[in-house]
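J.: Let's see this in three dimensions:
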Amino acid sequence: MNLWAISDLHLSHQANRQALKSIERRPQDWLILAGDIADTPSQLAEAFEILRRRFAQLIWVPGNHELWTPDSPTAASAARGESRYREIVALARSFGVLTPEDAFPIWPGSEHPIVIAPLFTLYDYSFRPEGVSGAGVVEWAAGDGVISADETLLHSTPFADRVAWCAARVATTAARLAAIPPDYGTVLVNHYPLEREHVLLPRIPRYAPWCGTMLTAGWHRRFRAVAVVYGHLHIRRSFEHENVQFHEVSLGYPQQWDQRAPLDSYLRAIL
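T.: Numbering: from 1, shown residues only. From the prediction side, this is the model:
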């Protein structure tokens, strides 16, 4: 059996939705979905419905896109912030998908116990240059034409802001990870990179503040990771850092992947 991973399917795009339908069945294997699968609950449900029939187990973490709630009269009653997150967690569970709110599963394909830990840590703008303040980071990024849609679509209710929500998520998540038995390895799964130095964005470097938090630095060492899986950057790569395998597993927007290739070729083998 194998553990596969992919992220950033962005099913709001027709080419990506069509490609998803062609994915092969792997009835013994597990699949990690590392966020930004869809923009709406209905698109996310479609992905879960298709993929749960082709893999033995799905594991999902939210990206920023899943948490978006548009500001419009028709969306006035839509869940926002933490309520939105809980809503899509419930949706995932209804399809048997494991989420950051569930007990961490133990990977059955290894003699040495390995826990797969889906995480939701958000970001707090701390991936910014030393001379830029938190209060001025959005304006600083805009000075180079970088404007994140999160600033209008990703709400933090009931927290004061996304910084506070991030701090709460990190504290809760770190406590859960610390409770894993010390002789267990882990696969850490997050939508955002855990390390600032892994945020490589040559075309839009000022987007880094929306890509994670310094509060997760060193988690791969602290929590005995054998692998770390993330997405968000739309720059696929696998590399070793401090004897740990790191995998950025994005598919991306239609122009960012070869539509002549099967979607299966973009699945990354983790274990």
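J.: can you pull out the helices in the stretch 51-200 of the chain?
T.: Remark: helices assigned in the stretch 51-200 of the chain by DSSP state H, counting those that start in this stretch are 82-94, 137-142, 150-153, 162-178.
J.: What's the separation between the nearest residue to Ser250 once chain neighbours are set aside and Arg169?
T.: Once flanking residues are discounted, Ser250 sits nearest to Asp8: 3.9 Å by Cβ to Cβ, 6 or more residues apart in numbering. (Glycine included, C-beta is placed from N, CA and C.) Distance of Asp8 to Arg169, given as Cβ to Cβ, to the nearest Å: 20 Å.
J.: residues making contact with stretch 78-88?
T.: Counting by Cβ atoms under 8 Å, 6 or more residues apart in numbering, stretch 78-88 makes contact with 41, 44, 62, 66-67, 69-70, 120, 155-159, 165, all of which sit outside it.
J.: residues contacting Leu31?
T.: With contacts taken as Cβ under 8 Å, 6+ apart, Leu31 has the following neighbours: Leu3, Trp4, Ala5, Ile6, Leu51, Phe55, Gln57, Leu58, Ile59, Leu267.
J.: swap the cut-off to 10 Å and go again
T.: Listed by Cβ atoms under 10 Å, 6 or more residues apart in numbering, the contact partners of Leu31 are 2-6, 23, 51-52, 54-60, 97, 267, 270.
J.: Would you double-check that Trp30 falls in a helix?
T.: No - with DSSP: H, G, I helix; E, B strand; the rest coil as the criterion, Trp30 is strand rather than part of a helix.
J.: before we move on, the earlier item: the residue nearest to Ser250: neighbour count?
T.: Summarising burial for Asp8: neighbours were counted as other Cβ atoms under 10 Å, giving 27.
J.: How much space separates it from Trp107?
T.: As for Asp8, its distance to Trp107 is 23 Å (criterion: Cβ to Cβ).
J.: Only whichever of the contacts of stretch 78-88 are buried, select them in PyMOL.
T.: To isolate the buried members of the contacts of stretch 78-88 in PyMOL, using 16 or more other Cβ atoms under 10 Å:
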select buried, resi 41+44+62+66+67+69+120+155+156+159+165
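J.: any idea which of the contacts of stretch 78-88 is closest to Met214?
T.: When those are compared for distance to Met214 (Cβ to Cβ), Trp165 comes out closest, at 15.7 Å.
J.: In this structure the closest one contacts Ala171, no?
T.: No - judged on Cβ atoms under 10 Å, Trp165 makes no contact with Ala171 at a distance of 11.0 Å.
J.: Next, show the common contact partners of those two.
T.: For the pair Trp165 and Ala171, residues contacting each of them under the criterion Cβ under 10 Å, 6+ apart are Thr121.
J.: OK, contacts around the most centrally placed residue in the chain?
T.: Centroid check for the chain by Cα atoms, centre = their mean gives His191 as the closest residue, at 1.8 Å. For His191, the contacting residues are 7-8, 33-37, 60-67, 118-123, 211-212, 229-232, 250, taking Cβ under 10 Å, 6+ apart as the criterion.
J.: for Ala34, same thing?
T.: If you count contacts by Cβ under 10 Å, 6+ apart, Ala34 has them with 5-9, 59-63, 118-119, 189-192, 229-232, 247-250, 268.
J.: rerun that using 6 Å as the cut-off
T.: If a contact means Cβ atoms under 6 Å, 6 or more residues apart in numbering, then Ala34 has Ser7, Val61, Val189, His191, Val229, Gly231, Val249 as its contacts.
J.: Would you quantify the distance from the residue nearest to Gly143 when sequence neighbours are not counted to His65?
T.: The shortest distance from Gly143 to any residue other than its chain neighbours is 7.8 Å, reached at Arg206 (Cβ to Cβ, 6+ apart). Distance, Arg206 to His65, using Cβ to Cβ: 20 Å.
J.: quick one: which of these two has more around it?
T.: For Arg206 versus His65, the count of surrounding residues by other Cβ under 10 Å is larger for His65: 25 against 20.
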